[in-house]
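Asker: structure for this input, please:
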Amino acid sequence: MMDIRIKINREHLIRKAFLYIRQSTTRQIHENAESTKRQYALREKLIMMGWDGNQIEVIDSDLGQSGAKSEERLGFQYLVSEVSMGRAGIIAGIEVSRLSRSSSDWGRLLQISALSDTLIMDEDGIYNVNDFNDRLLLGLKGTLSEAELHYLKARMRGGLLNKAKRGELMRPLAIGYVYNEYGQITKDPDAQVQEAIALFFNTFKRVGSARSIVSEYKRQNYTFPSRQFRGFGVGELSWKNLTYERALQMLNNPLYAGVYTYGKRQIHHTPQGRQVKFVPRERYHAWLPDSHPAYISEMEFEENLRQLSQNSRPKPDLEHGGAVREGVALLQGIAVCGICGRKMTLRYSQSKHIYQPIYMCQYESVNHSGSICQSVYGGNIDKAISDVLLETINPMTTDAAVSIQCEMAERKEEILRIYGQQMERTQYEMDLAKRRYMRVDPDNRLVAAELEDDWNIRIKEYESAKAAYEEKCDVEIRVVDSQLQAMLSQLVDEFPKIWNDPKTSFKEKKRIARHIMEDVTITSDSEKVVLGVRFKGGSTKIVEIPNMSRNLVKTKMESDAVSLILSLMNSGLTNREIADDLNAKGFSTECQNKPYTRDTVNWLVNKHDLPRRKVIAESDDWLTTKEKMAELGVSEDTLRRWRKEGKFIWKTCNIKGVAYLYKPEPQRNM
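Answerer: Take a look at the predicted model:
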């Protein structure tokens, strides 16, 4: 008691006494209530030491906050500011660990307290920071407090990691999995949820990207299951629209491959503070294959990750070709420079009807202000690669036809199962609502009315699900008949026609090319271009073609089209009629692989200087436009309208199809 009176003087008593109260978590506040009461009881002890009750300020705004750092403890920050201003006579806490469990924060508080001559009190006694022995004891207590927190965390962390390495640490599971009564991970017992997960991965295998899955689900009006993990309605199952973020999460989650993982995200201490970072797989705390039932194999999971990485935007420094884009360049993403070995980028040249890709290697130019390795016009390159693909793919299409047929059968079963299970679920809920309504006391009208409304809602949901099921049975599901089987068996012979069909998109052509070819190395000089084709199986092929100038040269297909145009012109057909005939014979424009039109036919006529057919003068049997207008006594607009309505006989008489001759009107007896 004498020691206390010596340390406390009048200067301390005229200043405020601060009582700091803290518990680390909200759970401790409720479960360790006695500790909180002991901290508040220090107020009576301060009054006994001489401080008036009005001078004692209780700081309890940090209840539920950890003492490991001061950034989020507003009460501690306020306390430090008051001490630094010289307004504190004493700081009271049941133990120093309540004030801080960080040596840096505790050391700063001691320094400020020494400068402002502020005492510190805990349950053991009162300390004057300016006294060497007291300062030494306070420093030791602060170090022990920080060490205690470290040991507590180490024990808890060690136990957690030990359970995780055995695959027994229970965490929220992705949709499709639940914990059984023994704490083991099992598939969701709901058969419809299992079917939805299986359909998701089968759809990705078919479409190849997360966004395509979302688009397919939206087109088919599919919904995806979701369980509530926290808050109101924990564990309840709901069906929602599939989102892009959910699709990516599922494709990147190894849980569906039967792999238990822990440690994908880890905390790193940086100059900017604690940061959560994603780490490589080899640094995970746990990676346990075959730990629970899987929806897909681990090999399929790795293939999905590889496909997702290839869906990124093409870049010269990427090993893969990137996502397939909409352009006409067949080698987009898989063209390799034969000089430096880097991926070649794309540009497009367009002038009137000339539209062709340009394969460029500009890595040094873009990144180091160097020169371009090479720039090659790709019109005849893509034509040569198309010929290689048509030559290569023919022996392979029989197996592809069989696999397509099997996939069609699987798709039928999937659609029927999904919609059939939805109808079965709604029927169960409708029957359940009916039983509830039947069991209610009729005199309890309020409850009966509510249950009747619920029953009516379930009936509408069942009828909607039933109608959707029947619609899919009638529209989507078709039996593979003998005619379709014959068409599939003839796919080998039909593939060249499909490849050259203008309706076949360039994206589909590029996907086919990537399934067959690994990459194509391009090396050019002033006269020729050498293409080194590397196939998926490891075999290679060298193709040499002439180097193209900026203007497209006349290829064989264009030459055949010009010859046919000339013969059709001599037969008296117009440009539009010639274009229809070319399209019917499988011709397409050389640069853009599009159907011929009147303008493209006229462009070829001008390009190759073909002789034009002039207006046919048949004045004896046919009338010109002006003569017909005079005969009928009408304007040119009226004549044009009557011509479209077919009120008289007429024909075109020049290659462009814009000049007309008319049959004279029969003579009428007046």
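
Asker: start and end of stretch 369-389, how far apart?
Answerer: End-to-end distance for stretch 369-389: 37 Å, by C-alpha to C-alpha, to the nearest Å.

Asker: buried residues, it. List them.
Answerer: For stretch 369-389, burial by neighbour count (16 or more other C-beta atoms under 10 Å) applies to 373-374, 376-382, 384-386, 388-389. Where you see a C-beta, it was placed from the backbone N, CA and C, and this is true even at glycine.

Asker: now stretch 97-110
Answerer: 97-102, 105-106, 109-110.

Asker: Ala630 and Arg640, how far apart?
Answerer: As for Ala630, its distance to Arg640 is 16 Å (criterion: C-beta to C-beta, to the nearest Å).

Asker: next: Asn367.
Answerer: According to C-beta to C-beta, Asn367 and Arg640 sit 61 Å apart.

Asker: among those two, which residue is more densely surrounded?
Answerer: Between Asn367 and Arg640, counted using other C-beta atoms under 10 Å, the more crowded position is Arg640 (13 against 10).

Asker: secondary structure class of the more buried one, three-state.
Answerer: helix (DSSP: H, G, I helix; E, B strand; the rest coil).

Asker: Asp454 versus that one, what's the distance?
Answerer: Per C-beta to C-beta, Arg640 is found 67 Å from Asp454.

Asker: go on, Lys528?
Answerer: Taking C-beta to C-beta, one finds Lys528 at 78 Å from Asp454.

Asker: neighbour-wise, which of the two wins?
Answerer: Asp454 (17 against 11).

Asker: for Ala196, phi and psi?
Answerer: Backbone torsions of Ala196, given as degrees, to the nearest 10, read phi -70, psi -40.

Asker: and Gly532, by the same measure?
Answerer: Phi and psi for Gly532, reported as degrees, to the nearest 10, are phi -100, psi 100.

Asker: run through the bridge partners of it.
Answerer: Thr521, Ile542 (DSSP bridges).

Asker: contacts only, for it.
Answerer: Shown in contact with Gly532 (C-beta atoms under 8 Å, 6 or more residues apart in numbering): 338, 520-523, 540-542.

Asker: can you tell me which of these are buried?
Answerer: Neighbour counting over these (16+ other C-beta under 10 Å) leaves 338, 520-523 as the buried ones.

Asker: can you redo those as TSV with pLDDT and distance to Glu82?
Answerer: Formatted as TSV, the buried ones among the contacts of Gly532 follow (pLDDT from 0 to 100; distance: C-beta to C-beta, whole Å):
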residue	pLDDT	distance to Glu82
Gly338	86	75
Val520	90	74
Thr521	91	74
Ile522	89	74
Thr523	90	77
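
Asker: how about the nearest residue to Gly86 once chain neighbours are set aside, what does it touch?
Answerer: Spatial nearest neighbour of Gly86, chain neighbours left out: Ser116 (4.7 Å); criterion: C-beta to C-beta, 6 or more residues apart in numbering. Counting by C-beta under 8 Å, 6+ apart, Ser116 makes contact with 83-86, 88.

Asker: ok, of these, which come out buried?
Answerer: Of the contacts of Ser116, these count as buried by 16+ other C-beta under 10 Å: 83-84, 88.
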